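Q: Build the 3D model from these lines:
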Amino acid sequence: MADNVFRMTGAPPPPNSNRDRALEEEAKDRFTECRKQKQEFYADIREGYFFAAPHRMRQMTDSGHTPQGKPKESGEAATSFPCELTADFVGVVLDAFMPQANQWCERRPGVMIEEEIKADVQAEIKRQDAAIFELMRSSNLYAELPKAMNPDLAIGLFALWIDSPIPSEALKAQAVPLRELEVNLGPFGQIDDRFAVRNTKHRYIKALLPDVETFPNEILEKISKEPHKWCQIKWGFWRIWEERGTETWQKVVMVDDILVDHDRLRGAGCVPLLPVRFNPSPDWAIGDGPLQQGLPDLRSLDNIEAGKLDYIDTIIRPATAIPDDSVASFEQGIENGRAYPVRPGSEGAIKRIYEPGPADAAIWGSEMLETRLKRLFFMDWPTQSGDTPPTATQWLDEMVMAQRRLGQPGASFFDEGPKEIFLRYKWLAEKKGVIDDITIDGDTISLQPYNPAQAAAEQQEVQMVTRALQLFAALFPEEYKAFVDGEKTMKNIAAKMRVEGLLVFREAQDMQKAVGLIGQLMGGQAAPGAGGPLAAPAPTG
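A: Sure, this is the predicted structure:
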């Protein structure tokens, strides 16, 4: 994890000054408060990893060196269904909020901009937004997002570090695991204080902090005398709310509890560490994701699946009663394909102790739990429940309802996630000179987020307009053709459906020609001998 390469102010004051001491104490206090937030969720995170990511490291404290290797906890999950759910959930969220092929965030001119210049401003915004998304695609963002989100998104919190370690190269996004992330809520209920923690050896401190010009003497002594010992590097950020004008953040870098660097960053998107919650609450810095909510059902499902395996094992290798006067010893089991001697008269005593009951109840119980979990993970897409396929209208209505369910927690997710990622790339694009600020008479450009809740509402609006047009055409055919402007209506519907970039409408002069040709065809003039530009040549005598 590289340090931020863009300095917004001059060099920081020399280490060990009075100002540094006060900032160091503040940073330690904020870090302690962040860690208290996550302590309440240690058990849920570990259990979520047990079901959905059995190979992930489950040590959440990051105190000292994090041991390598797979978790050594006793027992294994009896089903892989949670792993499938969390992977599909990540795909659903990415397709809904951040599809790679689309521009999933856009800016629009502010309401105070005059109408005569709004079109020019909008054109410049579209050009810049296209450049920002091209910068995203040239980076590893879309490759790193699934790594960061699976399964942390389903737990309720994941994080990315987005920066430009080498200015001449493409931007880099890096997944920050929960064990390296500490966050806390700010004064307005959103994530404010945030720390990324990395365990490393003293010999790697300078490599991880290339922009720190001067290290305190105690750190230099550890690097020199104890290069093999472990330490913690902490990158911390919190908002300075006293700055009312430009958005300003305090940045600190600490080795263990010693402050080695600090700076102030300015501008929306200036912070490289982006923690994102799903289904947040006003009480905690970790969201209440579907994996946390589904833990009771996952425990029941795991017990049922384990019971199924025991039932099958009982059917295949049943418990057997044997006579104690037999010349053969069956205590260690019977091997298939072998012949065993039995004393005459005792062969009837070898039999099953009991017959297991039917497994119908367990099978139905697991199906009910899987259906409930699919709904919890927003995977309950429309299905054909009967022999008769659903109508197109019914299918579309169910899809709208599914999108609306995802849109409720998705509204806050979009503000903390995709919107902040977009602003981060915008900030980096400005620093790299890819785009410039757009300022017109001091008016700022407002960000207009686009999310599934808005898409569902617009889709429902399109449905209502379609039904209204069908009703008007059937009841008032003459008035319908006279009053409804087909060209403008089609353009409005295309804009609502976000497909105006794919549809190509003819210009006015071309449209008149097309209408004339269509009229000739409908009037029968395309028949042989009818004349007209599309007619076949008349026979000659």
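Q: How about residue 409, nearest residue that isn't a chain neighbour?
A: Leaving out its chain neighbours, the residue that sits closest to residue 409 by Cβ to Cβ, 6 or more residues apart in numbering is residue 279, at 3.9 Å. C-beta coordinates here come from the backbone N, C-alpha and C atoms, glycine included.
Q: Without its sequence neighbours, what residue ends up closest to residue 100?
A: With Cβ to Cβ, 6+ apart, the residue lying closest to residue 100 is residue 142, at 4.9 Å.
Q: which ones are touching that neighbour?
A: Contacts for residue 142 (Cβ atoms under 8 Å, 6 or more residues apart in numbering) come out as 98, 100, 136.
Q: ok, now with 10 Å
A: When contacts are counted by Cβ atoms under 10 Å, 6 or more residues apart in numbering, residue 142 touches 94, 98-100, 136, 173.
Q: From those, which land in strands?
A: Those of the contacts of residue 142 mapping onto strands are residue 173, per DSSP state E.
Q: Number of residues surrounding residue 277?
A: For residue 277, the count of nearby residues is 26 (other Cβ atoms under 10 Å).
Q: residue ranges with poor pLDDT in the stretch 1-150 of the chain?
A: Flagging of the stretch 1-150 of the chain using pLDDT under 70 yields the residue ranges 1-19, 61-75, 110-113.
Q: all helices of it, in order?
A: Here the stretch 1-150 of the chain has its helices, by DSSP state H, counting those that start in this stretch, at 18-39, 42-52, 81-97, 115-138, 141-149.
Q: Relative to residue 263, which of these is closest?
A: Evaluated over the helices of the stretch 1-150 of the chain, closeness to residue 263 peaks at helix 18-39, with 10.9 Å, by Cβ to Cβ.
Q: Could you name the helices and strands sitting against the helix or strand where residue 489 lies?
A: Using DSSP states H and E, residue 489 sits in helix 486-496. Contact analysis of helix 486-496 by 3 or more Cβ pairs under 10 Å, 6 or more residues apart in numbering; DSSP states H and E lists helix 452-475 as its packing neighbours.
Q: ok so, going back, residue 50 versus the residue nearest to residue 100, what's the distance?
A: Distance, residue 142 to residue 50, by Cβ to Cβ, to the nearest Å: 29 Å.
Q: next one: residue 521
A: From residue 521 over to residue 50 (counting by Cβ to Cβ), the distance is 68 Å.
Q: Looking only at neighbour counts, state which of these two leads.
A: Set side by side, residue 521 and residue 50 show more neighbours around residue 50, with 20 against 14, by other Cβ under 10 Å.
Q: circling back: for the contacts of residue 142, which one is nearest residue 366?
A: Among those, residue 94 lies closest to residue 366 (Cβ to Cβ), at 28.4 Å.
Q: Skip the chain neighbours and tell me the closest residue to the closest one.
A: residue 145 (6.4 Å).
Q: Which residues are in contact with that neighbour?
A: The contact partners of residue 145, by Cβ under 10 Å, 6+ apart, come to 90, 93-94, 98, 100, 153, 158, 160, 173, 175, 417, 421.
Q: With residue 291 instead?
A: 44-45, 47-49, 51-53, 82, 85-86, 89, 151-156, 278, 298, 373, 376-377.
Q: And those, which of them are buried?
A: 44-45, 47-49, 51-53, 82, 85-86, 89, 151-156, 278, 298, 373, 376-377 (16 or more other Cβ atoms under 10 Å).
Q: just so I have it, where are all the strands in the stretch 201-350 of the chain?
A: 230-239, 248-255, 258-266, 273-277, 320-321 (DSSP state E, counting those that start in this stretch).
Q: who wins for proximity to residue 406 among those strands?
A: Closest to residue 406 of those is strand 273-277 (Cβ to Cβ; 15.1 Å).
Q: on that earlier part again, when you filter the contacts of residue 142 down to buried only, what's left?
A: Neighbour counting over the contacts of residue 142 (16+ other Cβ under 10 Å) leaves 94, 98, 136, 173 as the buried ones.
Q: how about the nearest residue to the third one once chain neighbours are set aside, what does it touch?
A: Distances taken as Cβ to Cβ, 6+ apart put residue 425 closest to residue 136, at 5.5 Å, once the chain neighbours are dropped. If a contact means Cβ under 10 Å, 6+ apart, then residue 425 has 105, 131-136, 139, 141, 162, 171, 173, 269, 434 as its contacts.
Q: so which of those comes closest to residue 58?
A: Nearest to residue 58 among the contacts of residue 425: residue 173, at 24.3 Å, using Cβ to Cβ.
Q: okay, now the domains of this protein?
A: Under the assignment automatic domain parsing, the domains of the chain span 18-68+75-80+103-294, 451-522.
Q: picking up where we left off before, which of the strands of the stretch 201-350 of the chain has the lowest average pLDDT?
A: Mean pLDDT is lowest for strand 320-321 out of the strands of the stretch 201-350 of the chain, coming in at a mean of 68.
Q: Just give the strands next to whatever helix or strand comes next after that one in its sheet, each with its orientation.
A: Downstream of strand 320-321, the next assigned helix or strand under DSSP H and E is strand 351-352. Here strand 351-352 is paired, per DSSP bridges, with strand 320-321 (antiparallel).
Q: how near is residue 148 to residue 516?
A: For residue 148, the distance to residue 516 - Cβ to Cβ - is 58 Å.
Q: Neighbour count: the two, which is higher?
A: Taking other Cβ under 10 Å, residue 148 and residue 516 do not tie; residue 148 has more neighbours (21 against 12).
Q: show me what contacts that one?
A: Contacts of residue 148 (Cβ under 10 Å, 6+ apart): 90, 141, 158-161, 173-177, 274, 276.
Q: what does residue 147 give?
A: Residue 147 touches 90, 140, 158, 160, 173-175, 177, counting by Cβ under 10 Å, 6+ apart.
Q: that older thread, now the helix or strand just after the helix holding residue 489: average pLDDT?
A: Scanning forward in sequence from helix 486-496 by DSSP H and E, the next helix or strand is helix 508-522. Averaging the model's pLDDT scores along helix 508-522 yields 72.
Q: same question, stretch 157-177
A: 89.
Q: Tell me the gap between it and the middle of its chain.
A: Computed by Cα atoms, centre = their mean, to the nearest Å, the chain-centroid distance of stretch 157-177 equals 16 Å.
Q: I'd like the distance between the residue nearest to residue 163 when sequence neighbours are not counted and residue 409.
A: Leaving aside its chain neighbours, residue 163 sits nearest to residue 272 (4.3 Å; criterion: Cβ to Cβ, 6+ apart). As judged by Cβ to Cβ, residue 272 and residue 409 stand 26 Å apart.
Q: Look at these two and report which has more neighbours.
A: Each of residue 272 and residue 409 has its neighbours counted (other Cβ under 10 Å); residue 272 has more, 27 against 21.
Q: just checking, that one touches residue 424?
A: Yes - counting by Cβ atoms under 10 Å, residue 272 touches residue 424, with 7.3 Å between them.
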